[in-house]
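K.L.:
Predicted model and sequence below, questions to follow.
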2 protein chains.
Amino acid sequence: MADFTALRIKPQRFKADFETLAAIGSTEDGGVDRPSLSEAHLAARAWFRQRAARDGLTVAVDSAGNHSAVLPAVALDTPHLLLGSHLDSVPHGGRFDGALGVAAALEVLSTIKDAGLQLPISLEAIDFTDEEGTLVGLLGSAALVGRLTPGEIQSPRGGRQSLLAGLQRAALSEEGLFLARRDPASLAGYIELHIEQGPRLARSQTPVGVVTAIVGIASYRLIFHGRANHAGTTPMNERHDAGLGAASFMLAAHRLVVESFPDCTVNTGLLQLEPGAYNIIPGQANLALEFRSADDKEFEQLENALLALARQQADQFGLEFEANFLNRHAPAPMSVSMQQAIGQAAHCLELGYQAMPSGAGHDGQNLAHVCPAGMIFIPSQDGISHSPREFSAWQDCINGANLLLQSALAFTFEHYRP
Amino acid sequence: MADFTALRIKPQRFKADFETLAAIGSTEDGGVDRPSLSEAHLAARAWFRQRAARDGLTVAVDSAGNHSAVLPAVALDTPHLLLGSHLDSVPHGGRFDGALGVAAALEVLSTIKDAGLQLPISLEAIDFTDEEGTLVGLLGSAALVGRLTPGEIQSPRGGRQSLLAGLQRAALSEEGLFLARRDPASLAGYIELHIEQGPRLARSQTPVGVVTAIVGIASYRLIFHGRANHAGTTPMNERHDAGLGAASFMLAAHRLVVESFPDCTVNTGLLQLEPGAYNIIPGQANLALEFRSADDKEFEQLENALLALARQQADQFGLEFEANFLNRHAPAPMSVSMQQAIGQAAHCLELGYQAMPSGAGHDGQNLAHVCPAGMIFIPSQDGISHSPREFSAWQDCINGANLLLQSALAFTFEHYRP
C-alpha cells in the first residue's frame, strides 16, 4: 500500500477501449451519434458489460439503466466510491464527451485489480443514463440519488414519446426509474474525468483542472406580446413590434452579464417571431433565456436582474411581457475533501492544475447532494465540444486517467484507512 | 349625359352583394378564409359569374383565371376601362380587403346599365387572381399586363406544390398564365376601390383617400454567420453570437428609417436562430428584411443604407454576413389624369379627400405599366387589416362605391368624349 502512488494506467488498453467506443455510432466526420437509449447508445452499453466482464469486474445494471462495473472490497457491505461519466452523446456529438470518463473509470479499476491492490472500500465504474438530456437530462444520476421528479418524466425536454420509446428499447420502465435510488450511506464519493468543453486549460497550457463547483443553470421562456399588423401601412411610430422588444432585451442581457456579472453566462439561443412573415409586424416574440452561475447568491441576483431587464425592455417598446419559468438546477459546490484529494494526486503526478468552475452541467451536481463529489477536467482543443470537431490530445487523456486513478486512491486511503 | 353626376349606386343591392361575399368562406370570428384558388375562393368566383349574368353583364374568364363582367360600349372594339380588385383573402383575413372593390365594381356597372347611360368605351369589372400572394402575389394582374416571369412560377412564394394544386383546382395551367396578356391599346385605364389598411383616414376623419403612388417593396434574407458553441463553457467575451448581430441590426434598421427615411417603412418579421437550443450559442441567424418606399430614388438610398448597416453590425459582433436578394417591386406612381378624375368626382360628391401613398402593394402597380391607373381608399377602423377585425363603416363603403362610379364616368367623358 505504501507504494500505490507509483501505480499508472495501461495506455494501450485504455486507448483500445476508447477507440472501440468511438467506433460505436461513429459518424463520417469523426464524431459519434449516440443519443440516450438509441440503438447506438445501447450498443455502447453492451460493450461496457462485455469489457467489464472480460477483466473480471462485477457487472450491474440498475432499474434506471445505469451500468456499473464493480471491483469489490474484500469486506462485504463496504461503501462504493463511484468513478464515472456517460456513454450517451448529443446528436452528432464528439467522441470525448462522456466516453473518455467511462473508459478511464474502467481502466482505473482494471489497473488496481491487475496490481492486486486491496482497497478498504469497493470501486465502481459507472455509466449514467441520459446525461446529455436528449430525453430528460442527468436522468440516471437523479434516479440514483433519489431526486427525480414525476414532472420531469411527464414533460421531458426531449418529448414524452421519445422517452417512452427509449425506455422500451432499453427494456426499462417509468416505475423502475423511481426504484433506482441508492442509500446515501452506501456511497463513499464520486469522481468524474471529463473534457473541459471550454478554452481555459488549453489557452493557459495547464494539463488538468480541478472543478470547484458546477454552475447552476436556469431557463425561462420569455414572451413579448405586441400587435401583429401590416408592415406597409402601419406608421413606424405606431408599431408594437414584439421582435424589437426581444432584440433589445437580447443585447441588454448580454451587456448586463458582461458588465455586472463577470463570472456568469447568459444565452438567448432561440427566438420565434409570430406570425412570422416578411410583411407582418411581429405580434409575439418567444425567446429562450438560459443563464448560469456557480454561486447561489449571485445566481439569484442574476435571475432577478434579467427578469427586471426584460420587463423594462417590454415597457419601452409598448409590449406586454410574460416570463414562463422552465427549470433551475442550483449551483453545486464540489466537495472540499475531494478537491484536496485531486490536488494532492496532481502534485504526486507532477501535473500542473487550475481550480475552476464547470460552466456545463454534469452528473456530479446530483451526486454532490448525497456524497463527496469531485471532477477532473482535461483541455479541450479550442474549447470546442458537442461537435464532431471536439478534440483532446491523447497525452492529456492519459494524464486525466492517471489523475483519476491517483485521486481515487488518495481519497480512499485518506478517508478509509484500512 | 349632361346629368351623369347625379347618378348614385343602389346601396341595398351593393350591401346584399357584399354580405353574400362575406358569407363565402366565412370564419366564426367574422372574417373570411379564401386563399387564392382554394375551394372557398372558387366558390366566390362562381358567385361572381352568376351575379354578373343576373344583371345582364357579359362574363369572361381569361387563361390566368381573372374574372370579368363587361358592360360593352355600343361601338365594337372600344378600349376597356377596368374597375376591380380581388376575391381572394389572406388566410383568416377580413371581409373588406378585395371583396369590397369587386362588389363596388359590379355595382357601378349595374348602376350605369340601369340608368341606360351609353358610354364611349366598355366598362369591365374585374376580379384578379391571387392578389394576396398565398401563391405568387399579384399573379392575375401580372399575367394580364405581360409582366409575369417564369421564375415566379418556378419558385412561387407559397411553394410550387400549392401553386400547381391551386391551378388544377381552378382548371388552369402554367402555360395559360403566360397567354393572358392583353394588348395595352385595349386598356383605357384601371381604378380600384380598397380599404386603406392603415389608420390615417380614420384618424383625420377624412372620408376618402386618393392614392398618389403604390410603394415599392423589396425583400432580402439576411444571414449572419457566427459560431455555434456551448452556452456554459464559452467565455462571454469570446462568443460569435449570430443572434446578437441580427438583434442589433433589427434595432438599428428601425432607428435608421425613423430618423433618416421618415416616409419609408422597414420590417423584420422573421428570425431563425440555428441550431436553436437553450444551451447553444446561435451559430447562424436568418433574418427576413422587407422595406418600402414610394419614391424611386429614396428606395435605392434606403436599400443601400440598410445593407451597409447590416454589414457594419455583423462586423461589430465578429460575424460573417450574407444578403440574399429575394424580390423588388419598383414604386408605382398613379396616373395624374386618374388622380384628377377621382379628385373632381370627390368634389362633385362633396367628399373631403386626402392625397396619400399606398403602403401596401396592389394590382394597380402592375396596371400602371400599361395604362392610366388610380386607386381610391376608404377609412379602415384602427388601421387594422389582414385580420378578422378589419372593419370599415358602411357609409364609407357607399361613399367609396359612389366615388368609383363618378371617377369612372369623369375619366371616361374627359378622355373619350363621344
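P.N.:
Looks like it arrived, so ask away. Since the model is a prediction, treat every value here as computed from it, not as a measurement. Numbers count the residues shown, from 1 in each chain, chains lettered A, B, ... in the order given.
K.L.:
how about the strands of the stretch 201-350 of chain A, start to end?
P.N.:
A:208-214, A:216-225, A:229-230, A:265-274, A:280-281, A:284-293, A:320-329, A:332-333 (DSSP state E, counting those that start in this stretch).
K.L.:
what about the closest residue to A:Ala332 other than its chain neighbours, distance to chain B?
P.N.:
Using CB to CB, 6 or more residues apart in numbering or on different chains and skipping residues adjacent in sequence, the residue nearest A:Ala332 is A:Gln365, 3.7 Å away. In short, each C-beta sits where N, CA and C put it, glycine included. As judged by CB to the nearest CB, to the nearest Å, A:Gln365 and chain B stand 12 Å apart.
K.L.:
just A:Ala75 next, same as before
P.N.:
41 Å.
K.L.:
That residue is in contact with A:Pro120, isn't it?
P.N.:
Yes. The criterion here is CB atoms under 8 Å, and A:Ala75 meets it with A:Pro120 at 7.5 Å.
K.L.:
who has more neighbours, those two?
P.N.:
A:Pro120 (17 against 12; other CB atoms under 10 Å in any protein chain shown).
K.L.:
Am I right that that one is in a helix?
P.N.:
No. Under DSSP: H, G, I helix; E, B strand; the rest coil, A:Pro120 falls outside any helix and is assigned coil.
K.L.:
quick one: contacts for it?
P.N.:
With contacts defined as CB atoms under 8 Å, 6 or more residues apart in numbering or on different chains, A:Pro120 is in contact with A:Ala73, A:Ala75, A:Thr78, A:Thr412, A:Phe413, A:Tyr416, A:Arg417, A:Pro418.
K.L.:
Hmm, A:Arg45 is touching A:Thr129, no?
P.N.:
No. A:Arg45 sits out of contact with A:Thr129 when judged by CB under 8 Å, with a separation of 9.1 Å.
K.L.:
anything in contact with each of the two?
P.N.:
With CB under 8 Å, 6+ apart as the test, A:Arg45 and A:Thr129 both reach A:Gly65.
K.L.:
okay, the two: which has more neighbours?
P.N.:
A:Thr129 (33 against 23).
K.L.:
list the contacts for the more buried one?
P.N.:
A:Ser36, A:Leu37, A:Ala64, A:Gly65, A:Asn66, A:His86, A:Asp88, A:Leu139, A:Gly140, A:Ala143.
K.L.:
if we go to 10 Å?
P.N.:
By CB atoms under 10 Å, 6 or more residues apart in numbering or on different chains, the contact set of A:Thr129 is A:36-37, A:41, A:45, A:61-62, A:64-67, A:86-88, A:135-136, A:138-144, A:166-167, A:170, A:172, A:177, A:180, A:363.
K.L.:
what does A:Ser36 give?
P.N.:
A:42, A:65, A:86-90, A:128-137, A:139-140, A:158, A:162-163, A:166, A:170.
K.L.:
Of the residues you listed, which belong to helices?
P.N.:
A:Leu42, A:Leu139, A:Gly140, A:Ser162, A:Leu163, A:Gly166 (DSSP state H).
K.L.:
What about the fourth one, how many residues nearby?
P.N.:
The tally of other residues near A:Ser162 (other CB under 10 Å) stands at 18.
K.L.:
Give me every residue in the stretch 301-418 of chain A lying close to chain B.
P.N.:
A:317, A:326-327, A:357-361, A:377, A:380, A:382-387, A:390 (CB under 10 Å from any CB of the partner chain).
K.L.:
Nearest residue to the residue nearest the centre of chain A in space, ignoring adjacent ones along the chain?
P.N.:
In chain A, the residue lying closest to the centroid (CA atoms, centre = their mean) is A:His362, at 2.7 Å. Excluding the flanking residues, the one nearest A:His362 by CB to CB, 6+ apart is A:Ile214, at 5.6 Å.
K.L.:
list the contacts for the one you found?
P.N.:
By CB under 10 Å, 6+ apart, the neighbours of A:Ile214 are A:292, A:294, A:329-334, A:357-366, A:368, A:373, A:375, B:232.
K.L.:
Tell me which of these fall in helices.
P.N.:
Those of the contacts of A:Ile214 lying in helices (DSSP H): A:Gly364, A:Gln365, A:Asn366.
K.L.:
beta partners for the spatially closest residue to the first one that is not a sequence neighbour?
P.N.:
Which is A:Gly364. Among residues not flanking A:Gly364 along the chain, A:Ala373 sits closest, at 4.6 Å (CB to CB, 6+ apart). A:Ala373 has these beta-bridge partners by DSSP bridges: A:Tyr190.
K.L.:
And the pLDDT for A:Ala373?
P.N.:
pLDDT for A:Ala373: 98.
K.L.:
Surely it touches A:Ser335?
P.N.:
Yes. Applying CB atoms under 10 Å as the test, A:Ala373 and A:Ser335 come out as touching, 5.6 Å apart.
K.L.:
The nearest residue to A:Arg328 once chain neighbours are set aside: neighbour count?
P.N.:
Once flanking residues are discounted, A:Arg328 sits nearest to A:Ala218: 4.1 Å by CB to CB, 6+ apart. Residues contacting A:Ala218 under the criterion other CB under 10 Å number 20.
K.L.:
Which helix or which strand is home to A:Ala60?
P.N.:
Using DSSP states H and E, A:Ala60 falls within strand A:58-61.
K.L.:
Show me chain A divided up by domain.
P.N.:
Domain assignment of chain A by automatic domain parsing yields the ranges A:4-215+A:331-415, A:216-329.
K.L.:
Need the CA coordinates for stretch A:158-177. PDB is fine.
P.N.:
Taking C-alpha atoms only, stretch A:158-177 is exported to PDB below (Å, rounded to 0.1, in the frame of the first residue of the first chain):
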ATOM      1  CA  GLY A 158     -37.000  15.600 -25.400                       C
ATOM      2  CA  GLY A 159     -40.700  14.900 -25.600                       C
ATOM      3  CA  ARG A 160     -42.800  12.200 -23.900                       C
ATOM      4  CA  GLN A 161     -42.900   9.900 -26.900                       C
ATOM      5  CA  SER A 162     -39.100   9.900 -27.300                       C
ATOM      6  CA  LEU A 163     -38.700   9.000 -23.600                       C
ATOM      7  CA  LEU A 164     -41.200   6.100 -23.700                       C
ATOM      8  CA  ALA A 165     -39.700   4.800 -26.900                       C
ATOM      9  CA  GLY A 166     -36.200   4.900 -25.400                       C
ATOM     10  CA  LEU A 167     -37.300   3.200 -22.200                       C
ATOM     11  CA  GLN A 168     -39.000   0.400 -24.200                       C
ATOM     12  CA  ARG A 169     -35.900  -0.100 -26.400                       C
ATOM     13  CA  ALA A 170     -33.800  -0.500 -23.300                       C
ATOM     14  CA  ALA A 171     -36.300  -2.700 -21.500                       C
ATOM     15  CA  LEU A 172     -36.800  -0.100 -18.800                       C
ATOM     16  CA  SER A 173     -39.900   1.300 -17.300                       C
ATOM     17  CA  GLU A 174     -41.100   4.600 -15.800                       C
ATOM     18  CA  GLU A 175     -41.700   2.900 -12.500                       C
ATOM     19  CA  GLY A 176     -38.200   1.500 -12.500                       C
ATOM     20  CA  LEU A 177     -36.700   5.000 -12.700                       C
END
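K.L.:
is chain B contacted by it?
P.N.:
No. Residues of stretch A:158-177 contacting chain B under CB under 10 Å from any CB: none, with a closest distance of 11.6 Å.
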